[in-house]
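Novice: Structure for the following, please:
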Amino acid sequence: MIQDIAPSILNNSYKICKPDGKSRYFVFDGDMLLADTSLVSGDISFPGNADISISGNAVYLFSVDDISYFLLMDQKCSETEQFRYIPFKELRSLELSRNNGLFTAFTAYHLWCWYRSSRFCGKCGHSTIHSNRERAMVCPECGNIIYPRINPAVIIGVLNGDKILITRYRTGFAHNALVAGFTEIGETLEETVAREVMEEAGLKVKNIRYYRSQPWGSVSDLLIGFFCEVDGPCEIHMDKSELKYAEWLGRDEIVLQPQDISLTNEMMKVFQAGKE
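Specialist: Coordinates of the predicted model:
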């Protein structure tokens, strides 16, 4: 999956520090990111000190191994022969042999969206400032503290004997998927699983069990995977406002997603291999 970058290690501990000679920078222009996508190394890369002139506020985000990554908050950089602005959604379509760059880009984009939407206090409307002790935006007027937003969502492998429920979204991502949805207020993750399967497919489920989780920074989500079994009648009543396809498929009928980075794709592979 996208976060499986071993033997590299992401260190997301917050600290106040300055860039060094090996630091890399994320420069966003709206939803476009300055990056080298020539893939000479098999991965995406981002500009360093020798590639761009730093004049804006460089905010430390995280490190991967011994390389620190910073976000240029209020600076736009010109494209170069090596680095160009690419729409963020296009990054996922690149054919990569390594995921380090894509994972750091997803994580940086998560923080970029949060910083961009947290410039003003939601309680009193005053401009916020960066906390000097944790990753947070603070209102100096009323003391309100704003932390990065993380949206919990479930990915659900619904099983019916030797078949699994495969779906496709009505809009957006065009490839095979599983039932999915966001956790609502006052709801456990298991209750989210039962509700989403009922809403999208009209099915009751049982034996809900946790599989694995995944940070999905491009939309500020934390995805939590579950498998479960259909409970009772297995006739699908598809929610046509959400889905354009929902069918029970056998292990040899599943067409996987073109990239092997998502929790959804891994869960389909797990079922396909007979491990669920």
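Novice: element containing residue 69?
Specialist: Assigned by DSSP states H and E, residue 69 falls within strand 67-72.
Novice: Within its sheet, name the partner strands of that strand and how each one runs.
Specialist: Here strand 67-72 has these sheet partners by DSSP bridges: strand 24-26 (parallel), strand 58-64 (antiparallel).
Novice: Could you pull out the helices in the stretch 151-276 of the chain for me?
Specialist: When assigned using DSSP state H, counting those that start in this stretch, the helices of the stretch 151-276 of the chain occupy the ranges 189-201, 263-272.
Novice: Most tightly packed of the strands paired with strand 67-72?
Specialist: strand 24-26 (a mean of 23; mean count of other Cβ atoms under 10 Å). No exception for glycine: its C-beta is placed from N, CA and C like everyone else's.
Novice: what is the mean pLDDT for that strand?
Specialist: For strand 24-26, mean pLDDT is 95.
Novice: what does it contact?
Specialist: Outside of strand 24-26, the residues within contact range by Cβ atoms under 8 Å, 6 or more residues apart in numbering are 19, 33-34, 45-48, 52, 54, 58, 61, 67-72, 105, 108, 112.
Novice: Give me the buried entries from those residues.
Specialist: Buried residues within the contacts of strand 24-26, counting neighbours by 16 or more other Cβ atoms under 10 Å: 19, 33-34, 45-47, 52, 54, 58, 61, 67-72, 105, 108, 112.
Novice: Show me how the protein divides into domains.
Specialist: Following automatic domain parsing, the chain resolves into domains at 10-117, 118-149, 151-272.
Novice: what sits against the residue lying closest to residue 74 once chain neighbours are set aside?
Specialist: In space, and not counting its chain neighbours, residue 74 is closest to residue 56: 4.5 Å by Cβ to Cβ, 6 or more residues apart in numbering. Contact partners of residue 56, counting by Cβ under 8 Å, 6+ apart, are 72-75.
Novice: same deal with residue 61?
Specialist: 26, 69-71, 107-108, 111.
Novice: what about the longest strand in this structure?
Specialist: strand 205-216 (DSSP state E).
Novice: Can you give me the buried ones in that strand?
Specialist: 205, 208, 211, 213-216.
Novice: residues touching the spatially most central residue of the chain, list them.
Specialist: When Cα atoms, centre = their mean is applied to the chain, the residue found nearest the centroid is residue 216 (1.4 Å). Contacts for residue 216 (Cβ under 8 Å, 6+ apart) come out as 2, 106, 222-223, 262-263.
Novice: From the residues you listed, list just the buried residues.
Specialist: 2, 106, 223, 262-263.
Novice: For these, give me a markdown table that also has distance to residue 160 and pLDDT.
Specialist: Formatted as a markdown table, the buried ones among the contacts of residue 216 follow (distance: Cβ to Cβ, whole Å; pLDDT from 0 to 100):
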| residue | distance to residue 160 | pLDDT |
| --- | --- | --- |
| 2 | 29 | 91 |
| 106 | 33 | 94 |
| 223 | 23 | 98 |
| 262 | 22 | 94 |
| 263 | 21 | 97 |
